[in-house]
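Visitor: Structure of the sequence below:
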Amino acid sequence: MNWITKIIKAGEKIKTAIRERATKEDIAKSEWTSCCRGPILKKDLEANLWVCPDCNKHHRIKPKQRFDILFGKNNYEVFKTPIPKDDPLNWTDSKSYKDRLKSARKKTGLDCGMMVASGTINNIKITAVASDFDFLGASMAAAEGEAFLYGIQHAIENQTPFICISAGGGMRMMESLISLSQMTRTTLAINELKKNGLPYLVCITDPTAGGITASYAMLGDIHIAEPGALIAFAGARVIQGTVKEELPEGFQKSEYVEKTGFVDLIVERRDLASKIGTLLSILLKQNSAISSEQNETSEDTQQFSKVAS
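Guide: This is a model prediction of the structure:
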């Protein structure tokens, strides 16, 4: 066997290995995923609420998983929200928008990238929305706007606090101005919620960016973030190219954003339900006192400061 034959055979082995390499679908169906130290069993990660026990990375999870953590496993009601007509602009790029929606629905089992549910924390009835990043990057379009407004309406009609678990890269380009208008619609809806004296809490998860950050994700009475979450409007490279300066370490991570004042609390996933329950108890008590024309007591202020710290 000469050297040319050896090279040809080695090339064939490489081609075979590439063809047999696991696809994203294979990895998704397997019992393993990866984190800082390499492979880790999904069941072990799930037992720790999808938080790595070594590096504390908070992995992205589905809306139902978030509701399980907040309200208790299957201890909540999921609502079917209105779905507008698909592809109002007949958008096509490398793939038609209708096909993209079809693929996203098959992948996630959802009609749109936002889910609305109702449950209880500390005996407080709550309406909540959560986004699924696997649905076209949890980008905001007309269907997601309808889901958000449905949640706000349910909260007002039932006089419940409203919690938004945000995620997503921004507005969905396939719906152009229709998508951008959801920034205005969600903002107006939040104003109506606040006019009714109902608390609005935002839990910011990785990643929350673009028009989502520029609208409903930054309009809460209190902003909670998961550790290490990316929180941004424009990308770091865009900002660095504009200001022509090196950006600080950890720029746009929740820990940095907290220091700048855009985030009030960073809360571990395992502590989220109890922290939200305590905060809502204080906020509802204060709102009740205000509506009864009573002054906020120093005790309330001290209690709130203690919780926030």
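Visitor: Now do the same for residue 197: helix, strand or coil?
Guide: Here residue 197 takes the coil state, with states given by DSSP: H, G, I helix; E, B strand; the rest coil.
Visitor: okay, it: pLDDT?
Guide: pLDDT for residue 197: 95.
Visitor: Please apply the same query to the one 3 residues further on.
Guide: Per-residue pLDDT puts residue 200 at 98.
Visitor: next one: phi and psi at the nearest residue to residue 56 once chain neighbours are set aside?
Guide: Excluding its sequence neighbours, the residue lying closest to residue 56 (C-beta to C-beta, 6 or more residues apart in numbering) is residue 227, at 6.2 Å. To be clear about C-beta, it is placed using only N, CA and C from the backbone, and glycine gets the same treatment. Backbone torsions of residue 227, given as degrees, to the nearest 10, read phi -60, psi 140.
Visitor: In the stretch 101-250 of the chain, what residue spans correspond to helices?
Guide: Per DSSP state H, counting those that start in this stretch, the stretch 101-250 of the chain carries helices over the ranges 142-158, 176-195, 210-213, 236-243.
Visitor: mind giving me CSV with those helices and columns for mean neighbour count and distance to residue 33?
Guide: Putting the helices of the stretch 101-250 of the chain into CSV (neighbours: other C-beta atoms under 10 Å; distance: least, C-beta to C-beta, whole Å) gives the following:
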stretch, mean neighbour count, distance to residue 33
helix 142-158, 21, 27
helix 176-195, 16, 31
helix 210-213, 24, 26
helix 236-243, 11, 26
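Visitor: and residue 282, which of those is closest to it?
Guide: Relative to residue 282, the nearest member of the helices of the stretch 101-250 of the chain by C-beta to C-beta is helix 176-195, separated by 16.6 Å.
Visitor: And for residue 124, the neighbour number?
Guide: A count of nearby residues for residue 124, using other C-beta atoms under 10 Å, gives 16.
Visitor: I'd assumed residue 162 was in contact with it.
Guide: No. With contact defined as C-beta atoms under 8 Å, residue 124 does not reach residue 162; the gap is 11.9 Å.
Visitor: what about residue 30, neighbour count?
Guide: Per other C-beta under 10 Å, the neighbour tally for residue 30 reads 12.
Visitor: ok, now the one 4 residues further on?
Guide: Residue 34: 10 surrounding residues under other C-beta under 10 Å.
Visitor: Three-state assignment for it, please.
Guide: Secondary structure for residue 34, judged by three-state DSSP, is strand.
Visitor: Do you have the strands of the stretch 51-200 of the chain handy? List them.
Guide: Along the stretch 51-200 of the chain, the segments classed as strands by DSSP state E, counting those that start in this stretch run 76-79, 114-121, 124-131, 162-168, 200-208.
Visitor: rewinding a little: columns distance to residue 90 on top of the helices of the stretch 101-250 of the chain, output as CSV?
Guide: Formatted as CSV, those follow (distance: least, C-beta to C-beta, whole Å):
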stretch, distance to residue 90
helix 142-158, 14
helix 176-195, 11
helix 210-213, 22
helix 236-243, 30
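Visitor: mind giving me the domain split of the protein?
Guide: Domains of the chain are assigned by automatic domain parsing as 20-57, 60-308.
Visitor: residues in contact with the residue lying closest to residue 135 once chain neighbours are set aside?
Guide: Leaving aside its chain neighbours, residue 135 sits nearest to residue 113 (3.5 Å; criterion: C-beta to C-beta, 6+ apart). Taking C-beta atoms under 8 Å, 6 or more residues apart in numbering as the criterion, residue 113 is in contact with 104, 131, 132, 135, 136, 138, 139, 140, 141, 143, 144, 168.
Visitor: what residue ranges in this protein score low on pLDDT?
Guide: 1-4, 6-8, 10-11, 13-27, 287-309 (pLDDT under 70).
Visitor: Could you state which residue of it sits nearest its centroid?
Guide: For the chain, residue 167 is the residue whose C-alpha lies nearest the centre (C-alpha atoms, centre = their mean; 2.6 Å).
Visitor: and that residue, what is it in contact with?
Guide: Applying C-beta under 8 Å, 6+ apart, we find residue 167 in contact with 60, 130, 131, 132, 133, 138, 205, 206, 207, 208, 212.
Visitor: ok, 7 Å please
Guide: Residue 167 is in contact with 131, 133, 138, 205, 207, 208, counting by C-beta atoms under 7 Å, 6 or more residues apart in numbering.
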